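A.B. asks: coordinates for the following, if possible.
(chains A and B)
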Amino acid sequence: MAKKRVVSTTINGNQTEFLCEPRQTLLEVLRDTLNLTGAKEGCSNGNCGACTVLVDGRPVDSCLVLAVEIEGADLETIEGVACSEALHPVQQCYLENAALQCGICTPGFIMSTKALLDENSSPSEDDIRFYLAGNLCRCTGYDKIVRAVQDSAELMASNGIDGVQIDR
Amino acid sequence: MRDFEYEAPTALADAVELLAGANGSAKLLAGGTDLIDHVRTGRLEPDLLIDIKKLAELNVLEASDSGLRLGAAVPCYQIYGNEQITSNYSALADSCQIIGGVQIQSRASVGGNLCNSGPAADSTPSLIALGAVCVIAGPNGTREVAAEDFCTAPRQNVLEAGELLVELKFPAPGGKSGSHYRRFIPRNEMDIAVVGVGAAVTLDDSGENFVSARIALGAVGPTPIFAQAAGDALAGQPANDDSIAAAAAAAREVATPIDDMRGTVEFRNHATAVLTERVLKTAIARARGEADGYTIGH
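C.D. replies: Predicted coordinates for the structure are as follows:
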C-alpha cells in the first residue's frame, strides 16, 4: 500500500495537518478523517456538486480532488460559513426562501453561491442559473434557489458579509 | 479507490523520467476531472499518478504580439478569465466556459481535454480552428504536432510512451480576425456535445471578404475533424450568406457521425451545417467588431 502522506492546509481559517493515502479524495478525508461531514457525497463523479468546497477561493468538487493535492492550500467548507453568532447572509436567504427541502444539496449550493457572489456581486438570473449549473437539486426546484441567491446579493450589497443577527 | 503512488515533480525532466520509467503504469494528473473518475470506477488502473501542476512549463499563460502560449495544465477558468484570450482567441474562451460547470472549470485543463482525445471534446475544435500547435516533451526531446493531427481515434492520440503535452502555441490572429465555438446539446449547460463547431476567420481591411478561414467539427467522427476544404474555399470570397452556406455544406460533407443515444446520423449531419453557418456568422461579427449576439447556454 502507498505510504501515507502528511498534508498541511488551512481549513476554515485553522491551520490543519492530516495523514492520508494518495488514493483518498479530499471529500473522503474531510468526512472520514476530519469529521467535517457538511460536504456530501452525491454522484462521486463531478456532476452533482453536493461535495463543493472552495480551494483558494475557487469552487471545486471535492470528490474529484485528491487530498494530497491540497498541500498548502486555503480550504473553505460549509462548516466555516456561519460565525458563532449569526448565519451568513447566503444561509439566511436560503432559509427565508425555503430554498431547501431534504438539504443534501444545500451545503454545495451555498458554497457555489458564495463563490459566485465573491466574483459577481450583482448577478443576473441567467448568471445565477449558469453558475449553479454544476449543483443539482432533486426536490426543492431551482426557482426558490435562484430567488435565495438574488436576495443574498441584495442583502450583502446593503449589509456586507458580516452576517445577519438572528432572533433566537 | 485503487491504491496508487503520487508524485508531484517540479522539473519537467523529472516528470518525463518518472513517466518513461513507469512503463505505462503511470498516468498524468492535471485537473483530474476525468482521470480521478476513471480510476475510481476502474476504467484506468495506474500504479502512479504524476501531478503535473507544479511544472512551470505547463502553467504558462502568455499572450504577446507573436501569439499565445498556453500551458497544458492551465485550468479553464484562467483561460476565459484572461482578457487577451477572450478578445483575440474567443473560440478558446467559448469552449472553456461551457466545459462542465464552474467546479469542473476550476480544475479541468485544455491540455487534459486534448489528451483524453474524446471525439466530443469541447476545446479541441477551437484549438484546430485557431491553428494551435502541440508542444510535446519526451525521453528523446521535444517535438511539435498540429492540433488537427493530435487525435488518432476515440481516446487515442500521437503521444508515445513517456511523452507528455507541455503547451499549446497559437499564432497571433492577423488583421480583422474573429473566432467562435458553439455546440448543440439538449440542455442549456453541463452536457456532452451532440455536435460542436469551431471556426476562426480573418477578413480583409474592408471587413467584406475572407482572407482565410479554418473550421473544425466535434462529435461527428472518431476524432475532432479539421474541415480544411470548407475553410480554404472561403479565401478570397465575399463574407455573405452564399459563401457561408457553401462552407456549411462543405463542412457537412466531411462529417462522419454515428447514431448514438445523443443523436442520429441524420440529425448530426444537419446540425453540422446549421452550426457551421451560425459559428461563421458570429466569428465574422467578432472580426468586424460588431455585436455577436451570442449568449452562453442559448
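
A.B. asks: from here on, contacts and neighbour counts on C-alpha atoms
C.D. replies: Noted.

A.B. asks: so who does the residue most central in space within chain A touch?
C.D. replies: Taking CA atoms, centre = their mean, the centroid of chain A lies closest to residue A:111, which sits 2.6 Å from it. Residues in contact with residue A:111 (CA atoms under 8 Å, 6 or more residues apart in numbering or on different chains) are A:52, A:53, A:54, A:59, A:77, A:78.

A.B. asks: now for these, which pair is the farthest apart?
C.D. replies: A:59 and A:78 (11.8 Å; CA to CA).

A.B. asks: which of the contacts of residue A:111 lies closest to residue A:159?
C.D. replies: The closest of the contacts of residue A:111 to residue A:159 turns out to be residue A:78 (CA to CA; 20.7 Å).

A.B. asks: which residue ranges of chain B form helices?
C.D. replies: Counting by DSSP state H, the segments of chain B that form helices are B:12-21, B:35-41, B:76-80, B:83-88, B:90-98, B:102-105, B:110-116, B:124-129, B:228-232, B:241-254, B:265-288.

A.B. asks: alpha carbons of the shortest one, as CSV, please.
C.D. replies: As requested, C-alpha coordinates have been extracted for helix B:102-105 and formatted as CSV (Å, rounded to 0.1, in the frame of the first residue of the first chain):
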residue,chain,number,x,y,z
VAL,B,102,-17.7,26.1,-12.6
GLN,B,103,-16.4,23.4,-10.2
ILE,B,104,-15.0,21.5,-13.2
GLN,B,105,-13.7,24.7,-14.8
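
A.B. asks: tell me which parts of chain A are close to chain B?
C.D. replies: Applying CA under 8 Å from any CA of the partner chain, we find that chain A lies next to chain B at A:1-3, A:22-24, A:44-46, A:49, A:52, A:58-61, A:64-65, A:130-134.

A.B. asks: select only the buried ones of those in PyMOL?
C.D. replies: The buried subset of those, as determined by 16 or more other CA atoms under 10 Å in any protein chain shown, is captured in PyMOL by this line:
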select buried, chain A and resi 22+23+24+44+45+46+49+52+58+59+60+61+64+65+130+131+132+133+134
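
A.B. asks: in helices only, show me the residues of chain A next to chain B.
C.D. replies: A:130, A:131.

A.B. asks: in strands, which of the residues of chain A next to chain B appear?
C.D. replies: The strands, defined by DSSP state E, take in A:52, A:58, A:59, A:60, A:61 from the residues of chain A next to chain B.

A.B. asks: now, which of these sits nearest chain B?
C.D. replies: residue A:60 (4.2 Å; CA to the nearest CA).

A.B. asks: so the closest one sits against residue B:103, correct?
C.D. replies: Yes - in this structure, residue A:60 is within contact of residue B:103 by CA atoms under 8 Å, at 4.2 Å.

A.B. asks: any idea which helix is longest in chain A?
C.D. replies: helix A:142-159.

A.B. asks: ok, residues contacting that one?
C.D. replies: A:89-90, A:93-94, A:96-100, A:113, A:117, A:121-123, A:125, A:128-129.

A.B. asks: repeat that with 10 Å
C.D. replies: A:88-100, A:106, A:109-110, A:113-114, A:116-118, A:120-126, A:128-129, A:132, A:136-137, A:160-164 (CA atoms under 10 Å, 6 or more residues apart in numbering or on different chains).

A.B. asks: rewinding a little: need the winner for burial among the helices of chain B.
C.D. replies: Stretch with highest mean neighbour count among the helices of chain B: helix B:124-129 (a mean of 32; mean count of other CA atoms under 10 Å in any protein chain shown).

A.B. asks: give me the domain ranges for chain B.
C.D. replies: Listed domain ranges for chain B are B:5-51, B:56-170, B:176-288 (source: automatic domain parsing).

A.B. asks: so the longest one, near chain A or not?
C.D. replies: Yes - part of domain B:56-170 sits close enough to chain A to count as contact by CA under 10 Å from any CA of the partner chain, namely B:77, B:97, B:98, B:100, B:101, B:102, B:103, B:104, B:105, B:106, B:107.

A.B. asks: can you redo those as TSV with pLDDT?
C.D. replies: Putting the residues of domain B:56-170 next to chain A into TSV (pLDDT from 0 to 100) gives the following:
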residue	pLDDT
B:77	98
B:97	97
B:98	97
B:100	96
B:101	97
B:102	98
B:103	98
B:104	98
B:105	98
B:106	98
B:107	98
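
A.B. asks: please identify which pair of those lies farthest apart.
C.D. replies: B:98 and B:107 (13.5 Å).

A.B. asks: give me the low-pLDDT residue ranges for chain A?
C.D. replies: A:161-168 (pLDDT under 70).

A.B. asks: which one is residue 8 nearest to, not counting chain neighbours?
C.D. replies: I'll assume chain A. residue A:17 (4.5 Å; CA to CA, 6 or more residues apart in numbering or on different chains).

A.B. asks: chain B, not that one
C.D. replies: residue B:51 (4.6 Å).

A.B. asks: quick check, the one you found in contact with residue B:31.
C.D. replies: Yes - the pair residue B:51 / residue B:31 is scored as a contact, 9.0 Å apart, by CA atoms under 10 Å.

A.B. asks: need the overlap of contacts for those two.
C.D. replies: Shared contacts of residue B:51 and residue B:31 (CA under 10 Å, 6+ apart): residue B:73.

A.B. asks: okay, those two: which has more neighbours?
C.D. replies: residue B:31 (27 against 21; other CA atoms under 10 Å in any protein chain shown).

A.B. asks: wait, that one sits on residue B:53?
C.D. replies: Yes - between residue B:31 and residue B:53 there is a contact under CA under 10 Å: 8.2 Å.

A.B. asks: joint contacts of these two?
C.D. replies: Shared contacts of residue B:31 and residue B:53, defined by CA under 10 Å, 6+ apart, comprise B:73, B:74, B:75.

A.B. asks: what's the burial count for the closest residue to residue A:122 other than its chain neighbours?
C.D. replies: Using CA to CA, 6+ apart and skipping residues adjacent in sequence, the residue nearest residue A:122 is residue A:153, 6.0 Å away. Residues lying near residue A:153 (other CA under 10 Å) number 26.
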